[in-house]
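Colleague: output the structure for:
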Amino acid sequence: MFLKRLLMMKRNKTTISILKSVLPNDMQMAYDYLYDYFNGFDIEIKENQSSYNLCLSKSDFNYCEDLSEGLHQLGIEANEITDYCYITNNSCICLSENWLPYGWRVIAEADSIPQRTAIIHIDDHSDLMQPFISFDSGEFRNILTNQTSSTLNIHFLKQAIDTGAITIGSMLTTMVYSLQSFNIYHLKRNASYFRAGIAKRTFSDDIIPNFNRIGIEFNDEINDSSYFLTSSISDIMYGLSGEEQCILHIDMDYFNNRYNGSTSWKQDRIGNDYSLSEQKNRMREIATYLKKINSIIPIKYVLIGVSPSFYPSEYWKDGLRFLLNELSNSTINVQELLCHFGWDKKHEK
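Modeller: Next comes the predicted model:
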């Protein structure tokens, strides 16, 4: 399969009307609610007698720092921030993680979906929010555009991501909706161990009536599909159970989440801010365990998100290069990504 690079130069905008009756009566409170509800978008709001009319375009998350040097080091143009997605025959790297479900479907399109899939989700967030996609009577619908499809196919996903219906926080929810049964192994720093059953469900929307948005629900039945949260990669190593293949997802904000998508990051100090040396130590440890995991269950797909305004751009080149080399040295096939960036496979000291 040849290497593919996705680039849309024009940012799509969508419009949606929200009835005033479902929002707070106070206009400022209503505006605050709308900005919070559509927090993955840049929003323009116009008001009429009965509704607020919203013009939405997906956010490029470039507002926490100057990204120019990080983009230059990776050979990415500034106008590619929202849509940069590079896909190989088994791997995908994106700036904005909402492209990862699309990248995975492009790679896996010709593959049959196995009965049981392990997802190793290395991320400072769960990414299990609800996308703006509904499912009813056997039909998926993009709530923002009304486009429909009987499956979450490549064309539907591409349009949903381009319009912002699939957000960075809902990308994993979108992926698991294409799987039969799955176990999500979520590695997060400083997390308390948590284990629960997980099921695909639909939920009525709070402010957009007549749509049942796809989502997930935790339950006590750890049978068909499960969610494991842990801060220890060894828990994942010894927790794998009967899966046929593995999807490895790594969000770089796991290693440093200085900004956490917030312009008030300096005052709030809500993200972790680890040095490059600390990041490399953790990358090396994780790669060692992934090598063992790969010998137990094949890691078939590798999906990596850079996450502007979460992972600091000063680390993009050095952090990504070190991680990819560690993965490659640990038998994880990321050679085409290394070649794409012009980085050799030699282990960095």
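Colleague: quick one: stretch 154-161 to chain centroid distance?
Modeller: Distance of stretch 154-161 from its chain centroid, counting by CA atoms, centre = their mean, to the nearest Å, is 15 Å.
Colleague: ok, stretch 47-67 next?
Modeller: Worked out by CA atoms, centre = their mean, stretch 47-67 lies 20 Å from the chain centre.
Colleague: give me the buried positions along that stretch.
Modeller: 51-52, 54, 56-62, 64-65, 67 (16 or more other CB atoms under 10 Å). Backbone N, C-alpha and C define where each C-beta goes, glycine included.
Colleague: in strands only, show me these.
Modeller: Secondary structure from DSSP state E places 51-52, 54, 56-58 of the buried residues of stretch 47-67 in strands.
Colleague: TSV for those, including distance to S181 and pLDDT?
Modeller: Shown next, in TSV, are these (distance: CB to CB, whole Å; pLDDT from 0 to 100):
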residue	distance to S181	pLDDT
S51	42	94
Y52	41	94
L54	37	94
L56	34	92
S57	36	89
K58	31	87
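Colleague: N294: which of those is nearest?
Modeller: K58 (34.1 Å; CB to CB).
Colleague: residue contacts, the closest residue to A118 other than its chain neighbours?
Modeller: Distances taken as CB to CB, 6 or more residues apart in numbering put E243 closest to A118, at 3.9 Å, once the chain neighbours are dropped. Residues counted as contacts of E243 (CB atoms under 8 Å, 6 or more residues apart in numbering) are 114, 116-118, 183, 297.
Colleague: host element of E243?
Modeller: Under DSSP states H and E, no helix or strand contains E243.
Colleague: return the residues in contact with the residue nearest the centre of the chain.
Modeller: In the chain, the centroid-proximal residue (CA atoms, centre = their mean) is E97; its distance is 3.8 Å. Going by CB under 8 Å, 6+ apart, E97 touches 127, 168, 171, 251, 305, 307.
Colleague: find the least confident helix or strand in the protein, judged by mean pLDDT.
Modeller: Within the chain, no helix or strand scores below strand 4-6, which has a mean of 45 by mean pLDDT, DSSP states H and E.
Colleague: stretch 285-304: how far from the chain's middle?
Modeller: So, by CA atoms, centre = their mean, the centroid of stretch 285-304 is 19 Å from its chain's centroid.
Colleague: that should have said stretch 153-163, apologies.
Modeller: That offset, for stretch 153-163, works out to 14 Å (CA atoms, centre = their mean).
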